[in-house]
Each structure stands twice: as structure tokens, then as C-alpha cells.
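Trainee: Whatever this is, show me its structure:
(chains A and B)
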2 protein chains.
Amino acid sequence: MSTSSIEPIARMAAQLARLPGIGRKSAQRLAYHIAGMPEDEVHALAAAIWQGRKAVHFCSICGNYAQEDTCLICQDEKRKNGQICVVRDPRDVAAMERMRDYTGRYHVLGGTLSPMSGIGPDQIRIRELLSRLSSEEVEEVILATNPDIEGEATAAYIARLIKPMGIRVTRIAHGVPVGSDLEYADEITLSKAMEGRRDM
Amino acid sequence: MSTSSIEPIARMAAQLARLPGIGRKSAQRLAYHIAGMPEDEVHALAAAIWQGRKAVHFCSICGNYAQEDTCLICQDEKRKNGQICVVRDPRDVAAMERMRDYTGRYHVLGGTLSPMSGIGPDQIRIRELLSRLSSEEVEEVILATNPDIEGEATAAYIARLIKPMGIRVTRIAHGVPVGSDLEYADEITLSKAMEGRRDM
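Mentor: Predicted structure coming up:
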């Protein structure tokens, strides 16, 4: 450390750099900025981070973030039972909810199968899903894990477990994103889009 | 707010979105991530932010960040007096120090002249610079404000004030960045680079 590094700022930068998508350089830029912010604003920021984390737990039913024992979606009696949308993490629930079309329930896995990182079926909430399927009356399980290798493998694994139970298992469609340019679509997406074509 | 928004996470995201370079979307992504982090890690993050801010003041001599009344650079007796490098903010001091070539002193303006934003000479630390020039023995003032419109205007303004005092005033060189590609340099930079060419 040169004589010019200010230790509390360096410590702040080191913490910020642990967050996803924030590199060493932008962490330093942020730390320098925060050090010059009015004290009350920095207090509001630090408090929102710490109190936000303290206030949030995992829903005991679906695994989504919740402030109480169960999340607002599981508590909502107006939502349709019988349909469970399976996603990787709470952020995916938020993304699905922004769509406003889906009125069923969720199940958050908390990860995807990844043998390389030592994440097997016991490390994600698959057992909890199966137990819900035997206690709730479920007609359809919608597998909405990411359309990447791990997400596909996880969806395939779960489908294999659930199909024998006589429950309908669906997978969200792959295809070209709305508003995008065909030219920029990769071949696999394009071939999935062709495969899934429908009559107009 | 839909039934799925978790209020403490939304509050965290709102605070994070106030930081420079963090948009609404990445603030939400960060907040969702932080909500799922182990409590001790979140505590370390929030504490580093708040304690970092609390520990940092402005150096009473140069305006850089400092933990005591004066900063480590102003305290350093091995550094050369007589040379003052004028920069916009503490982050620029850190950038200059990474270069390891400069051994003189600094003066941090805390901003640049910007009539559009109501920042005039009294809003930045120009008076403090002039007072240092009359009390310290200074041979050279190096103007290292940014090479943008406001930085140039600020440098020109300060140069006009200092030159009559018989002190040498220099401006850092403009030119093509080392390791860059001529093809991508804008015309003004290129013309400055030609203007400032030297014999080899």
C-alpha cells in the first residue's frame, strides 16, 4: 500500500468488490464516492443494506424471499393452486411477476444442478418440491429454470422425477426474444424457435 | 408494488441505485443478491461502508481524503515541497499516486468550474490554493484537471490567477493514450498529440 491509500476506503472497496458485477476498479470508484457523500446519506445506504438483509428470510413453503414465515405469494388466496412454476432463485420470481400473466404458485430451487461445483439434487430444494407435490393437489409443474446448460439439466432431472407421478410437466418455450433481431440470434436459439413454431 | 415485491429489498435497491454507475436494474440485482448472502458478510459490507465514511475527512491543507486533520501525503516529509499538482477530486490523487513518478504535493479542488450547475470559483477550493501559494514556497503548479471542457476551463481560470504571481504554471500533456489505437483517437486528441510532438 502506498502512502496515499486511505485504509478505510480500501476496506470499503474490498467489501464492495465481493458483490457480483462490481470489479476492483468500480469498487474503488464507488468507495471514493461514498467517502465523499453526506454522512446521513451513507447512513441510509448502510442501514438499508443491513436492515434489508435482516428483514428477509426464505419462505417455508416455496423458498422465495419472505418477511414472515411464508412469502406474500404463498399467502395470497387469490392465486391459483394446482400450478407450480419452478425457478432457480427469488430474482426469477420477481422477473416472472413483472410479466403479470402468471397467477399460479412458485417453487424456488435456490440453485441449479452443477456437478462441477458440487451441487447435486440434495443441495437444491428438489426434495421440498416433491413433498409439495404429494401434499398439495398439483396439476402442472412449469419448469422455468434458465435456458442454459445447468438450467436445462436441472429441468430434465426434475421432469424425470415428476412425470411418473402423473403430473403434467411443461418447460417454458425457447425462441427468439421479442423485439430482437434475427440476425443476432445464435443458431441454437434459432433452431429451437423453428422447432417450436406454431400455426398462425 | 405487486404482491411479490419485498419491501426491504426494494428499499435496499433504491439506496444502491443512488450510487454512480449503478442503474435501477443492477441495483435490484445487487439487492436480491445481498438479501441471500450470509448475515455476517452483509454485516461486514454495511459496516465497512458506514465506518469507512465515518473515518474519512478532508485534509485541512490539500483537500484530499484524510483520517486525521491532514492526509498522509501532506504529512510525508520525504515528499518534495515547491510543486503542487492540482486535481479535481481525491480519486485523481489516487490515480496520480498509482503512477509512482510524482513526488510533490497535491491540491484537491473538490470540483470543476461549471456555470451551468452553479459551480463558480467560490464553490471549489481555489481560494485555499491561492492562500497556500502565498504561504508556502511554490515553484510550480501543475494543472491536472480532466481534459474535458470543464477541466480545461478550470485550468485556464486558475492559470490566469497564478501566472501574475511569478509561479510556473504547467498543464499535463494531451495526446494519444499509450497502448491505444490511433484509429480510435478522436480528432481533437490527435491534433493535440501532433501539436505536442517532440524530437526523438
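Trainee: Show me which parts of stretch A:33-43 are buried, residue by residue.
Mentor: Across stretch A:33-43, burial judged by 16 or more other C-beta atoms under 10 Å in any protein chain shown covers A:34, A:35, A:36, A:37, A:42. Quick note: C-beta positions are derived from backbone N, CA and C, even for glycine.
Trainee: swap in stretch A:73-93?
Mentor: A:73-74, A:79, A:83-93.
Trainee: repeat for stretch A:53-63
Mentor: For stretch A:53-63, by 16+ other C-beta under 10 Å, it's A:53, A:55, A:56, A:58, A:59, A:61, A:62, A:63.
Trainee: near chain B, which of the residues you listed show up?
Mentor: A:53, A:55, A:56 (C-beta under 8 Å from any C-beta of the partner chain).
Trainee: With distance to residue B:187 and secondary structure added, can I get those in JSON lines?
Mentor: As requested, those are exported to JSON lines (distance: C-beta to C-beta, whole Å; DSSP: H, G, I helix; E, B strand; the rest coil):
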{"residue": "A:53", "distance to residue B:187": "50", "secondary structure": "helix"}
{"residue": "A:55", "distance to residue B:187": "54", "secondary structure": "helix"}
{"residue": "A:56", "distance to residue B:187": "52", "secondary structure": "coil"}
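Trainee: just these now: which is nearest residue B:146?
Mentor: Nearest to residue B:146 among these: residue A:53, at 37.3 Å, using C-beta to C-beta.
Trainee: can you pull the contacts of that closest one?
Mentor: By C-beta atoms under 8 Å, 6 or more residues apart in numbering or on different chains, residue A:53 lies in contact with B:12, B:34, B:35, B:37, B:39, B:42, B:43.
Trainee: just those residues that are near chain A?
Mentor: Answer for the contacts of residue A:53 near chain A (C-beta under 8 Å from any C-beta): B:12, B:34, B:35, B:37, B:39, B:42, B:43.
Trainee: And the pLDDT for the residue positioned nearest the centre of chain A?
Mentor: Closest residue to the average C-alpha location of chain A: residue A:89 at 2.7 Å, with C-alpha atoms, centre = their mean. With respect to pLDDT, residue A:89 has a value of 93.
Trainee: mind checking how far it is from chain B?
Mentor: 7 Å (C-beta to the nearest C-beta, to the nearest Å).
Trainee: Let me see the contact set for that residue.
Mentor: A:108, A:109, A:110, A:111, B:32, B:36.
Trainee: returning to what we had before: just send the buried residues of stretch A:53-63 back as TSV, with pLDDT too.
Mentor: Listed next are the buried residues of stretch A:53-63 as TSV, based on pLDDT from 0 to 100:
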residue	pLDDT
A:53	97
A:55	96
A:56	96
A:58	96
A:59	97
A:61	97
A:62	97
A:63	97
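Trainee: of all those residues, which comes closest to residue B:22?
Mentor: Distances from residue B:22 to these, taken by C-beta to C-beta, are shortest for residue A:53, at 17.7 Å.
Trainee: Chain neighbours aside, what residue packs nearest to the closest one?
Mentor: Excluding its sequence neighbours, the residue lying closest to residue A:53 (C-beta to C-beta, 6 or more residues apart in numbering or on different chains) is residue B:42, at 4.1 Å.
Trainee: any idea which element that neighbour lies in?
Mentor: helix B:39-55 (DSSP states H and E).
Trainee: what angle do that helix and helix A:39-55 make?
Mentor: Counting by axes from the mean of the first three to the mean of the last three C-alpha atoms, to 10 degrees, helix B:39-55 lies at 170 degrees to helix A:39-55.
Trainee: Test my guess that residue A:22 contacts residue A:30.
Mentor: Yes. Proximity of residue A:22 to residue A:30 meets the contact threshold set by C-beta atoms under 8 Å, at 7.2 Å.
Trainee: intersection of neighbour lists for the two?
Mentor: residue A:16.
Trainee: which of these two has more neighbours?
Mentor: Neighbour tally, residue A:22 and residue A:30, criterion other C-beta atoms under 10 Å in any protein chain shown: the higher count belongs to residue A:30, 22 against 19.
Trainee: Next up, the contacts around that one.
Mentor: Per C-beta under 8 Å, 6+ apart, neighbours of residue A:30: A:13, A:16, A:22, B:19, B:20, B:21, B:22.
Trainee: same question, residue A:111
Mentor: Contacts for residue A:111 (C-beta under 8 Å, 6+ apart) come out as A:88, A:89, A:119, A:123, A:124.
Trainee: same deal with residue A:17?
Mentor: Residue A:17 touches A:23, A:24, A:27, counting by C-beta under 8 Å, 6+ apart.
Trainee: Touching, residue A:88 and residue A:113? I think so.
Mentor: No. Assessed by C-beta under 8 Å, residue A:88 is found out of contact with residue A:113, at 10.4 Å.
Trainee: anything in contact with each of the two?
Mentor: Common neighbours of residue A:88 and residue A:113 (C-beta under 8 Å, 6+ apart) are residue A:154.
Trainee: And chain A, what are its domain boundaries?
Mentor: A:3-55, A:58-199 (automatic domain parsing).
Trainee: Least confident of these, on average?
Mentor: domain A:58-199 has the lowest average pLDDT among those, namely a mean of 91.
Trainee: Relative to the whole chain's centre, how far out is it?
Mentor: Offset of domain A:58-199 from its chain centre (C-alpha atoms, centre = their mean, to the nearest Å): 10 Å.
Trainee: Residue A:147 - that's part of a helix, no?
Mentor: No. Looking at residue A:147 with DSSP: H, G, I helix; E, B strand; the rest coil, it is coil, so not inside a helix.
Trainee: Could you grab the helix/strand/coil label for the closest residue to it other than its chain neighbours?
Mentor: Excluding the flanking residues, the one nearest residue A:147 by C-beta to C-beta, 6+ apart is residue A:174, at 5.5 Å. At residue A:174, secondary structure determined by three-state DSSP is coil.
Trainee: Test my guess that residue A:174 contacts residue A:191.
Mentor: No. In this structure residue A:174 lies outside contact range of residue A:191 using C-beta under 8 Å: 9.2 Å.
Trainee: No more questions from me, cheers.
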